[in-house]
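# Sharing a sequence plus its predicted fold:
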Amino acid sequence: MRPVNLIPPELRRGEHASLRTGPLVYILLGVLVLVLVGVTAVVLTGNEISERKDEVAKLKAEDEVAAARAAHLVSYVQFQQMSEARVQTVQSLADSRFDWERVLRELALVLPADVHLTELSASAGGAAEAAGGKESGLGGGLASPSLSLAGCAKGQRGVAAFITALKDIDGVTRVGVQSSTVSGEGGESEGSECGVQPGAASFSMIVAFDAAPVPQIEAASEAATESAPEQAETASSETSESSSESSGESSEGE
């Protein structure tokens, strides 16, 4: 049999029944959801801000500790730098030391039999003073090691041969003749040690070693030595300041 619905249409419930509650319930639910989302966002943001503040405070404390430690260790760093500078100074001096013993030994080997020296002086650097106080004759001041020689030779040929022999010494770059006078010429050699020998020539000359290293670190060494006490005083003052700040912070905390 076919079923028959005896309920009147106005009392029936279903998809065709009229909405009795209205849209107010849905509006209230939406507002509650928005409020819940807003409160959640505020709480999460507040927690993140608190975490960031704690992290900033922790980093500041670590930075203060690191700064205090650096101020305490700065004197050791400056001492290390000064030690390295002094090692470089000593090494540079050792590298630039000139071997005078070798030069004099070679001079004795190349010295001709008819030449004898009356004066000999050496200079490690700067303009060498020639025998007799005359200019070197090398075209300017000498910044390299040099020898100043004065003596007698058998005539001008003997002086020329001695100049050639000097150039055989290892490291010699230039030989400058200041004077070379034969006995009886102009009377300059009369009464000198060479004047008693007929035809003898008295000479004075400069032998330059331009390629030899010259120490240039004396001024830097003095400056480093003078600045060392100042750096130590600065380090001690910074250390005392950091100690006083630390004590002040601890007293405030108490």
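Perfect, thanks for sending it.
# Could you list the low-confidence segments of the stretch 101-250 of the chain?
Within the stretch 101-250 of the chain, the stretches with pLDDT under 70 are 126-141, 184-193, 195-197, 213-250.
# and if we set it to 50?
Counting by pLDDT under 50, the stretch 101-250 of the chain contains low-confidence ranges at 127-134, 139, 187-191, 217-224, 232, 235, 239, 243, 246-247, 249-250.
# Now do the helices for it: every range, in order, please.
155-166, 218-253 (DSSP state H, counting those that start in this stretch).
# if I pick the closest residue to G158 other than its chain neighbours, what's in contact with it?
Spatial nearest neighbour of G158, excluding adjacent residues (Cβ to Cβ, 6 or more residues apart in numbering): D114 at 5.3 Å. In short, each C-beta sits where N, CA and C put it, glycine included. Applying Cβ atoms under 8 Å, 6 or more residues apart in numbering to D114 gives the contacts A153, K154, G158.
# TSV for those, including distance to A66 and neighbour count?
Converted to TSV, those look like this (distance: Cβ to Cβ, whole Å; neighbours: other Cβ atoms under 10 Å):
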residue	distance to A66	neighbour count
A153	75	25
K154	80	18
G158	77	20
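# In CSV, list the residues you listed along with distance to S123.
CSV is the format used below for these (distance: Cβ to Cβ, whole Å):
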residue, distance to S123
A153, 23
K154, 28
G158, 25
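# ok, so of those, who is nearest N5?
A153 (153.5 Å; Cβ to Cβ).
# what packs against the helix or strand harbouring S92?
Element membership for S92 (DSSP states H and E) is helix 24-96. Packing partners of helix 24-96 (3 or more Cβ pairs under 8 Å, 6 or more residues apart in numbering; DSSP states H and E): helix 218-253.
# okay, now M205: neighbour count?
Here the number of neighbours of M205 (other Cβ atoms under 10 Å) works out to 24.
# With the one 3 residues further on instead?
By other Cβ under 10 Å, the residues close to A208 number 22.
# Please point out which parts of stretch 101-108 sit buried.
V103, E106, L107 (16 or more other Cβ atoms under 10 Å).
# got the contact list for it?
L147, L166, D168, I169, D170, G171, F209.
# Good, we can wrap up now.
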